[in-house]
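Enquirer: Following is a predicted model, sequence given first.
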Amino acid sequence: MAAAAPPLKDELDIVIPTIRNLDFLEMWRPYFQPYHLIIVQDGDPSKTIKVPEGFDYELYNRNDINKILGPKASCISFKDSACRCFGYMVSKKKYIFTIDDDCFVANDPSGKQINALEQHIKNLLCPSTPLFFNTLYDPFREGSDFVRGYPFSLREGVPTAVSHGLWLNIPDYDAPTQLVKPRERNTKYVDAVLTIPKGTLFPMCGMNLAFDRDLIGPAMYFGLMGDGQPIGRYDDMWAGWCTKVICDHLGLGIKTGLPYIWHSKASNPFVNLRKEYKGIFWQEEIIPFFQSATLSKDSTTVQKCYIELAKQVKEKLGKIDPYFVKLADAMETWIQAWDELNPPTAN
Ligand SMILES: O=c1ccn([C@@H]2O[C@H](COP(=O)(O)OP(=O)(O)O[C@H]3O[C@@H](CO)[C@H](O)[C@H]3O)[C@@H](O)[C@H]2O)c(=O)[nH]1
Ligand SMILES: [Mn+2]
């Protein structure tokens with residue numbers, strides 16, 4: 001009997017931001033080889049990035065980004081992993097999985113390899129439950145269900161837009177935590193997938209992340225960081241806060257938990273502190289902004305929501321620092337570029 005085709009084989013792209021070689025793909029080969037890769041090469045475009053044999057991929061460096069987007073390339077970060085969102089924009093597939101090049105296949109407590117891609121796909125293909133918390137975690141998982149007292153009117157759930165995976169070994173800590181706990185490693189494997197309740201924000205890490213591009217793609221702009229910007233390492237956080245506000249508004253769900261990957265490399269905490277420090281005190285004003293952000297009922301598409309949010313960023317966060325005016329403009333440029341590369345299909 002022929003082996004079953006890998007799930008969503010022709011409907012999912014794997015996006016990898018990189019400044020290194022891609023030897024890590026060897027370990028992922030059994031799981032990734034059937035899928036198309038979109039490699040976003042950051043840093044010096046004259047450097048050649050070697051892709052292991054046998055993978056189907058497209059690779060974009062900074063020259064390619066500038067050529068494709070022209071002046072709109074200004075919204076894509078340079079010298080920061082945030083550049084990965086260019087891959088989301090050029091993809092033509094319904095689903096995206098993004099992973100860092102220092103993330104490897106992890107083992108579950110039984111010692112079995114974790115096919116992270118397969119678990120993300122399971123997460124995305126079954127509904128989320130943001131409107132009422134199920135205490136037995138993901139009710140759609142094998143061996144689980146809705147518990148007594150869970151309203152039947154809510155058991156259909158909502159479409160899942162984002163699947164947020166976690167990391168064994170090096171946890172995604174901020175620089176101050178990393179400095180205080182340099183040897184801390186995450187050894188806890190928690191066998192759970194949770195829907196993040198409506199009205200609750202969360203810190204989205206871009207290291208091991210999948211999403212439904214048709215449902216939420218235009219909101220997945222990884223904020224302007226890196227070269228020439230006053231902060232770094234808030235790109236994915238920014239995307240997560242915007243995405244969660246928009247998912248709550250449009251009735252979409254976000255899950256976090258399984259799958260785990262093995263994060264192998266701790267980036268330099270001192271470099272990270274320099275990148276993060278302004279964000280550490282700015283976020284004490286950014287979070288209340290997102291917690292109180294409301295979108296009008298006329299905002300019925302992700303693009304409309306995102307543009308409305310960008311206007312609020314400019315108006316309400318612009319007074320913290322001119323960076324937020326620039327970021328709001330970059331958010332608008334991102335949507336223009338997105339719509340240019342992804343014109344609505346005439347239905
Ligand atoms: O300038 C750069 C630096 C790195 N990359 C690529 O991005 C990822 C992540 O890089 P790295 O593993 O070195 O950094 P981490 O601190 O572990 O990254 C995590 O923290 C957040 C930083 O924003 C983010 O959510 C995680 O990615 C690798 O693939 C590098 O090759 C880059 O493209 N440009
Ligand atoms: Mn890393």
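Expert: Noted; the coordinates are in hand. Ligands and ions are numbered 1, 2, ... in the order given.
Enquirer: Tally up the residues packed near the closest residue in space to residue 208 that isn't next to it in sequence, please.
Expert: Excluding its sequence neighbours, the residue lying closest to residue 208 (C-beta to C-beta, 6 or more residues apart in numbering) is residue 165, at 3.7 Å. Just so you know, the C-beta spots here come from the backbone N, C-alpha and C atoms, and that holds for glycine as well. Using other C-beta atoms under 10 Å, the number of residues around residue 165 comes to 27.
Enquirer: ditto for the one 3 residues further on
Expert: Applying other C-beta under 10 Å, we find 20 residues neighbouring residue 168.
Enquirer: what bridges to it?
Expert: residue 262 (DSSP bridges).
Enquirer: Correct me if wrong: it contacts residue 259.
Expert: No - judged on C-beta atoms under 8 Å, residue 168 makes no contact with residue 259 at a distance of 10.4 Å.
Enquirer: any common contacting residues for these two?
Expert: residue 106 (C-beta atoms under 8 Å, 6 or more residues apart in numbering).
Enquirer: For the stretch 201-347 of the chain, which residues are neighbours of ligand 1?
Expert: 205-207, 233, 235-236, 265, 267 (C-beta under 6 Å from any ligand atom).
Enquirer: Restricted to helices, list the residues you listed.
Expert: Judged by DSSP state H, these include 235-236 as members of helices.
Enquirer: Most widely separated two among the residues of the stretch 201-347 of the chain next to ligand 1?
Expert: Using C-beta to C-beta, these reach their maximum pairwise distance at 235 and 265, which is 18.0 Å.
Enquirer: Which of those two has more residues huddled nearby?
Expert: Between residue 235 and residue 265, residue 235 has the larger neighbour count (other C-beta under 10 Å), namely 26 against 12.
Enquirer: Pull the contacting residues for the more buried one.
Expert: Residue 235 neighbours (C-beta under 8 Å, 6+ apart): 77, 80-82, 85, 206, 222-225.
Enquirer: one step back: please convert the buried members of the residues of the stretch 201-347 of the chain next to ligand 1 into ChimeraX selection syntax.
Expert: In ChimeraX, this line selects whichever of these come out buried by 16 or more other C-beta atoms under 10 Å:
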select :205,206,207,233,235,236
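Enquirer: In TSV: the residues of the stretch 201-347 of the chain next to ligand 1, plus distance to residue 253.
Expert: Shown next, in TSV, are these (distance: C-beta to C-beta, whole Å):
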residue	distance to residue 253
205	18
206	19
207	21
233	26
235	23
236	19
265	31
267	31
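Enquirer: Strands - which of the contacts of residue 235 land there?
Expert: Among the contacts of residue 235, no residue falls in strands (DSSP state E).
Enquirer: Which among those count as buried?
Expert: 77, 80-82, 85, 206, 222-225.
Enquirer: Got the phi and psi for residue 227?
Expert: phi -50, psi 120 (degrees, to the nearest 10).
Enquirer: any idea how far it is from residue 103?
Expert: According to C-beta to C-beta, to the nearest Å, residue 227 stands 24 Å off from residue 103.
Enquirer: residue contacts, the closest residue to ligand 2 within the stretch 51-200 of the chain?
Expert: The nearest approach of the stretch 51-200 of the chain to ligand 2 comes at residue 102, 4.2 Å away (C-beta to the ion). Contacts were defined as C-beta under 8 Å, 6+ apart; by that measure residue 102 touches 20, 24, 263-265.
Enquirer: Residue 93 versus that one, what's the distance?
Expert: 24 Å.
Enquirer: what does residue 248 give?
Expert: To residue 93, residue 248 is 25 Å away according to C-beta to C-beta.
Enquirer: Just want to know which of these two has more residues nearby.
Expert: Between residue 248 and residue 93, residue 248 has the larger neighbour count (other C-beta under 10 Å), namely 21 against 18.
Enquirer: For that one, which non-adjacent residue is closest in space?
Expert: Using C-beta to C-beta, 6+ apart, the nearest residue to residue 248 is residue 198, at 5.0 Å.
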